[in-house]
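Undergrad: model this:
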Amino acid sequence: MNVSVLLGHPDPGSFNHAVASASVRILSRNGHSVRFHDLCMEGFDPALPAGEMPKGAVLPDAVAIHCREITEADGIVVVHPNWWGQPPAVLKGWIDRILRPGVAYRFLEGDAGEGVPEGLLKARTAVVFMTSNTPEEREAAVFGDPLNTLWRNCIFGLCGVSDVRLETFRVVATSTPEQRREWLSRAERLVDRCFPGTSGREAEPGRS
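TA: Okay, here's the model as predicted:
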């Protein structure tokens with residue numbers, strides 16, 4: 001399988017980087033072809049120029065590569081912190097520029113954009129790892145868990161990815177080394193279940 005791994009965090013020493021590295025390690029061990037992008041390290045420009053907005057626009061080489069890779073992906077792993085109930089700007093910009101019409105979705109003939117689009121992504125499973133400094137009860141009661149809605153419904157559901165697994169590690173700011181080691185093990189187990197090796201095992205259905 002081709003699996004795209006996207007990391008959106010500026011600090012190389014972050015727990016997000018540890019989760020991304022663990023994910024890449026498990027995917028490689030299981031025999032998958034991994035396309036890994038540390039968006040901040042690569043200097044991905046999140047700003048969507050007006051010239052890129054039309055469906056048939058000529059895209060910069062870097063954007064075209066990302067578009068090709070995401071259309072070829074059989075699975076997707078995303079790692080990012082929860083900042084203001086959203087992904088960081090670099091990852092939001094990746095969504096804006098890469099999950100574009102004709103790549104991730106399309107509107108049916110006669111639809112000017114007011115209807116429900118058809119998802120085009122080949123991947124059927126996506127895993128999103130998030131970190132947060134907000135306790136789960138406050139996240140649900142005060143903020144309504146916006147990232148769950150964003151990834152499951154607004155992004156992957158719309159683009160045709162039917163199996164979306166969300167895992168949030170919290171509270172990172174006060175976590176102990178033992179907690180972080182347990183979280184990394186949890187991340188590895190989830191990636192292993194969703195993208196098993198070539199021994200004939202199938203991904204476990206449903207949420208984790």
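
Undergrad: Neighbours of T125, how many?
TA: By the measure other Cβ atoms under 10 Å, the count of residues near T125 is 22. The way it works is simple: take the backbone N, C-alpha and C, and place the C-beta from them, glycine included.

Undergrad: mind listing the strands for this structure?
TA: In the chain, the strands defined using DSSP state E lie at 2-7, 33-38, 75-81, 105-106, 118-119, 125-132, 163-170.

Undergrad: Run the angle between the second one and strand 75-81 for me.
TA: So the one you mean is strand 33-38. Interaxial angle of strand 33-38 relative to strand 75-81 (axes from the mean of the first three to the mean of the last three Cα atoms, to 10 degrees): 20 degrees.

Undergrad: could you give the angle of strand 33-38 to strand 2-7?
TA: Orientation note: strand 33-38 sits at an angle of 10 degrees relative to strand 2-7 (the same axes, to 10 degrees).

Undergrad: what packs against strand 33-38?
TA: Contacts defined by 3 or more Cβ pairs under 8 Å, 6 or more residues apart in numbering; DSSP states H and E place strand 33-38 against strand 2-7, helix 15-29.

Undergrad: Dump the ones you listed to JSON lines, plus mean neighbour count and mean pLDDT.
TA: JSON lines is the format used below for the helices and strands packed on strand 33-38 (neighbours: other Cβ atoms under 10 Å; pLDDT from 0 to 100):
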{"stretch": "strand 2-7", "mean neighbour count": "24", "mean pLDDT": "98"}
{"stretch": "helix 15-29", "mean neighbour count": "20", "mean pLDDT": "98"}
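
Undergrad: what about those, which gets the closest to F169?
TA: helix 15-29 (7.0 Å; Cβ to Cβ).

Undergrad: Kindly format the C-alpha coordinates of the closest one as CSV.
TA: In CSV, the C-alpha atoms belonging to helix 15-29 read as follows (Å, rounded to 0.1, in the frame of the first residue of the first chain):
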residue,chain,number,x,y,z
PHE,A,15,5.7,14.8,20.7
ASN,A,16,4.0,15.2,17.3
HIS,A,17,7.3,14.4,15.6
ALA,A,18,7.7,11.3,17.8
VAL,A,19,4.2,10.1,16.8
ALA,A,20,4.9,10.8,13.1
SER,A,21,8.3,8.9,13.3
ALA,A,22,6.6,6.0,15.1
SER,A,23,3.9,5.9,12.4
VAL,A,24,6.5,5.8,9.6
ARG,A,25,8.4,3.1,11.4
ILE,A,26,5.4,0.8,11.8
LEU,A,27,4.2,1.4,8.2
SER,A,28,7.7,0.7,6.8
ARG,A,29,8.0,-2.4,9.0
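
Undergrad: how far is that helix from where the chain is centred?
TA: How far helix 15-29 lies from its chain's middle: 13 Å, per Cα atoms, centre = their mean, to the nearest Å.

Undergrad: That helix packs against which elements?
TA: Helices and strands touching helix 15-29, by 3+ Cβ pairs under 8 Å, 6+ apart, are strand 2-7, strand 33-38, strand 75-81, strand 125-132, helix 177-194.

Undergrad: Perfect, that will be all.
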